[in-house]
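Asker: this one's structure only:
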């Protein structure tokens with residue numbers, strides 16, 4: 001009978017772009033998977049696989065150590081993270097403390113006590129407690145100062161343990177401090 005005629009659709013229909021759309025059709029899943037696929041390179045042996053893993057871990061440790069030395073927040077240990085701890089580090093690093101010379105002083109006292117001179121031996125006997133009392137007093141003053149400053153500058157942050165953190169940092173040799181000092185001695189305006 002009568003066949004119904006349908007208008008022929010054009011070969012490439014005009015694409016209607018939705019506002020906010022991506023402007024292209026969604027690719028088929030198989031095409032997307034082909035693009036994502038990368039060749040799998042399995043190691044030849046177990047030893048080679050372990051070597052690769054150890055090399056990758058060593059590289060990550062080197063990167064983390066360098067980041068920690070620079071003071072990058074991402075690589076710091078939990079005890080060193082946060083603005084209050086950074087303030088404490090800068091507060092201590094901006095000062096020359098007797099505690100940072102403690103190891104040198106104790107070494108000198110040991111050398112004095114080994115001398116055959118009786119006065120030097122006597123000094124070697126009584127000097128260590130005096131030196132330790134000085135360092136302890138300095139630690140207490142540093143601790144009180146940083147707690148007061150942290151409460152002023154960062155009232156919403158947790159300041160628990162920041163005094164002891166600052167006192168312990170003050171007793172370390174400056175060159176061996178980790179994270180490395182960011183301020184030079186005497187730069188109290190940057191604290």
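Answerer: It's in. Owing to the predicted nature of the structure, the values given are computational and were not obtained by experimental measurement. Numbering: from 1, shown residues only.

Asker: And stretch 148-160, what's buried?
Answerer: By neighbour count on 16 or more other Cβ atoms under 10 Å, the buried set for stretch 148-160 is 149, 150, 154, 159. Backbone N, C-alpha and C define where each C-beta goes, glycine included.

Asker: Helices - which of those residues land there?
Answerer: Among the buried residues of stretch 148-160, DSSP state H puts 149, 150 in helices.

Asker: what about residue 171, how many neighbours?
Answerer: 19 (other Cβ atoms under 10 Å).

Asker: quick one: which of the buried residues of stretch 148-160 is nearest to residue 82?
Answerer: Looking at the buried residues of stretch 148-160 and their distance to residue 82, the nearest is residue 154, at 8.6 Å (Cβ to Cβ).

Asker: Surely the closest one is in contact with residue 87?
Answerer: Yes. Shown here, residue 154 and residue 87 form a contact pair, counting by Cβ atoms under 8 Å, at 7.0 Å.

Asker: before we move on, the earlier item: so among the buried residues of stretch 148-160, where is pLDDT lowest?
Answerer: Scanning the buried residues of stretch 148-160 for pLDDT, the low point is residue 159. It has 89.

Asker: got the contact list for the residue positioned nearest the centre of the chain?
Answerer: Geometric centre of the chain, nearest residue: residue 76, 2.1 Å, by Cα atoms, centre = their mean. By Cβ atoms under 8 Å, 6 or more residues apart in numbering, the contact set of residue 76 is 68, 179.

Asker: now do 6 Å
Answerer: Counting by Cβ atoms under 6 Å, 6 or more residues apart in numbering, residue 76 touches residue 68.

Asker: pLDDT score for it?
Answerer: On pLDDT, residue 76 comes in at 88.

Asker: And for the one 4 residues further on?
Answerer: Here the pLDDT value assigned to residue 80 is 89.

Asker: Name the nearest residue to it, ignoring sequence neighbours.
Answerer: Excluding its sequence neighbours, the residue lying closest to residue 80 (Cβ to Cβ, 6 or more residues apart in numbering) is residue 179, at 6.2 Å.
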